[in-house]
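1. compute the structure for the input listed below.
(one chain, ligands or ions: 1)
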Amino acid sequence: MKPVSFDYHRARSVGEALAALEEAGGEAKLIAGGQSLGPMLNLRLVRPARLVDIGAIEALTRIDETATSVRVGACVTHARVEDEACGIEGLLPLARAARGIGYRAVRNRGTLGGSLAHADPAADWPLVLAAWGADLEIEGTAGTRRVAADAFMSGAYVTALGENELLAAIHLPRLSGQARWAYRKFCRKPGEFAEAAAAVLFDPARSVARVFVGAPADRPTSLPMLAGEIARNGRAALRDDLLAASCEAVLAHATPARRQACHTMLRRALDEVLS
Ligand SMILES: Cc1cc2nc3c(=O)[nH]c(=O)nc-3n(C[C@H](O)[C@H](O)[C@H](O)COP(=O)(O)OP(=O)(O)OC[C@H]3O[C@@H](n4cnc5c(N)ncnc54)[C@H](O)[C@@H]3O)c2cc1C
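-> Numbers count the residues shown, from 1 in each chain. Okay, here's the model as predicted:
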């Protein structure tokens, strides 16, 4: 099948993109890399009257570093993170996460902002960035606001974005030299969407411990009790009964096999961080 016909508007600035969205009165869709939206258009799951292409807006494709954080424009591609994050102090784990997304042709076009806005429960960035403690910068005609990555997605394909807003950037806090990180994803073939995934960050110098599971949950889901145990007791928190109870509490709806896969990813991520 092919998409229904639509107007195509290539925006040169964020202001122009927002104006084009507003002018269409709810009938427009943003397009960045087109890796998720393209198939949805072809299957006519979405039928926008207008596409607003934000992929070439310079302000959305920049990576800027400060002493305390790194600002990654929403239209930075997975491939750029794969290639460039290893050259930015502390961001090597994100290069590794990027490399596990699809295959290189998908990563060459797909963007971080597109992945977050699409909000597939099995996607990599929503989980990775929630566990990292990233902040998301949202632009709208009413101004700019920031939302924590772990509060951005409220369910499968549902986000905090309003109708005439776009995701402009991801702010990544720099971790301390003591920080330990792990992201584990289970999929049947390399580069597929996750069937089960977990991410763990432990940064004792900043008093941060975060434990998140992704698929099969419908959104990145925090396990704060487990994170607290890790902060207090380190490796002694690695008890299978505690892990199983934590998974059971948030994945009660999942099949036993998916729950077990998630438990295994969580155990491996925790082992890596606490070894
Ligand atoms: C074969 C294949 C394998 C894949 N494997 C994986 C995988 O293993 N892991 C994974 O995580 N993903 C995977 N993906 C998805 C891929 O990561 C996409 O790049 C991503 O989901 C969407 O990014 P995009 O830039 O292509 O967004 P688009 O397809 O252009 O847009 C997706 C949605 O987000 C909206 N949008 C885009 N940018 C913005 C913005 N800045 N602000 C607000 N809304 C915006 C659009 O309106 C649309 O609704 C795969 C895709 C394919 C085709």
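2. who touches stretch 8-21?
-> For stretch 8-21, contacts defined as C-beta atoms under 8 Å, 6 or more residues apart in numbering pick out 28, 30, 50-54, 56-57, 59-60, 139-141, 163-166, 168. From N, CA and C alone the C-beta is placed, and that goes for glycine too.
3. buried ones in it?
-> Of the residues in stretch 8-21, 9, 11, 14, 17-21 count as buried by neighbour count, 16 or more other C-beta atoms under 10 Å.
4. how long is that stretch end to end?
-> Using C-alpha to C-alpha, to the nearest Å, the end-to-end distance of stretch 8-21 comes to 12 Å.
5. which ones, among the contacts of stretch 8-21, also lie beside the ligand?
-> Filtering the contacts of stretch 8-21 for proximity to the ligand by C-beta under 6 Å from any ligand atom leaves 30, 54, 166.
6. quick one, what contacts the first one?
-> Contacts here follow C-beta under 8 Å, 6+ apart; on that basis Leu30 touches 17, 21, 51-54, 117, 166.
7. where does it sit, in terms of helix or strand?
-> strand 28-31 (DSSP states H and E).
8. do Pro3 as well
-> Using DSSP H and E, no helix or strand contains Pro3.
9. top of the contacts of Leu30 by number of neighbours, please.
-> Ile54 (31 neighbours; other C-beta atoms under 10 Å).
10. look up how far the ligand lies from the closest residue to it other than its chain neighbours.
-> Counting by C-beta to C-beta, 6 or more residues apart in numbering, Ile54 lies nearest to Ala17, which is 5.1 Å off, once chain neighbours are set aside. Distance of Ala17 to the ligand, computed by C-beta to the nearest ligand atom, to the nearest Å: 9 Å.
11. how distant is the host helix or strand of Ala17 from the center of its chain?
-> Element membership for Ala17 (DSSP H and E) is helix 14-23. A distance of 24 Å separates the centroid of the chain from that of helix 14-23, by C-alpha atoms, centre = their mean, to the nearest Å.
12. next one: stretch 50-57
-> 20 Å.
13. got it, and stretch 231-248?
-> Counting by C-alpha atoms, centre = their mean, stretch 231-248 is centred 25 Å from the centre of its parent chain.
14. equivalent analysis for stretch 176-186, please.
-> Counting by C-alpha atoms, centre = their mean, stretch 176-186 comes out at 15 Å from the chain centroid.
15. kindly report the same for stretch 252-269.
-> Using C-alpha atoms, centre = their mean, the offset of stretch 252-269 from its chain centre is 20 Å.
16. list the buried ones in that stretch?
-> The neighbour-count check on stretch 252-269 (16+ other C-beta under 10 Å) flags 254, 258-259, 261-267, 269 as buried.
17. what comes into contact with it?
-> 182-186, 195-200, 211, 213, 215-217, 223, 238, 240, 243-244, 246-248, 251.
18. pLDDT on that stretch, on average?
-> Stretch 252-269 shows a mean pLDDT of 93.
19. can I get it as CSV, trimmed to CA atoms?
-> The C-alpha trace of stretch 252-269 is given here as CSV (Å, rounded to 0.1, in the frame of the first residue of the first chain):
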residue,chain,number,x,y,z
ALA,A,252,2.5,-9.3,36.1
HIS,A,253,0.7,-9.1,32.7
ALA,A,254,3.7,-10.6,30.8
THR,A,255,4.0,-14.2,29.8
PRO,A,256,6.2,-16.3,32.2
ALA,A,257,8.8,-16.6,29.4
ARG,A,258,9.0,-12.9,28.8
ARG,A,259,9.2,-12.2,32.5
GLN,A,260,12.0,-14.8,32.9
ALA,A,261,13.9,-13.1,29.9
CYS,A,262,13.5,-9.8,31.7
HIS,A,263,14.7,-11.2,35.0
THR,A,264,17.8,-12.6,33.2
MET,A,265,18.6,-9.3,31.5
LEU,A,266,18.2,-7.5,34.9
ARG,A,267,20.4,-10.0,36.6
ARG,A,268,23.1,-9.6,33.9
ALA,A,269,22.9,-5.8,34.0
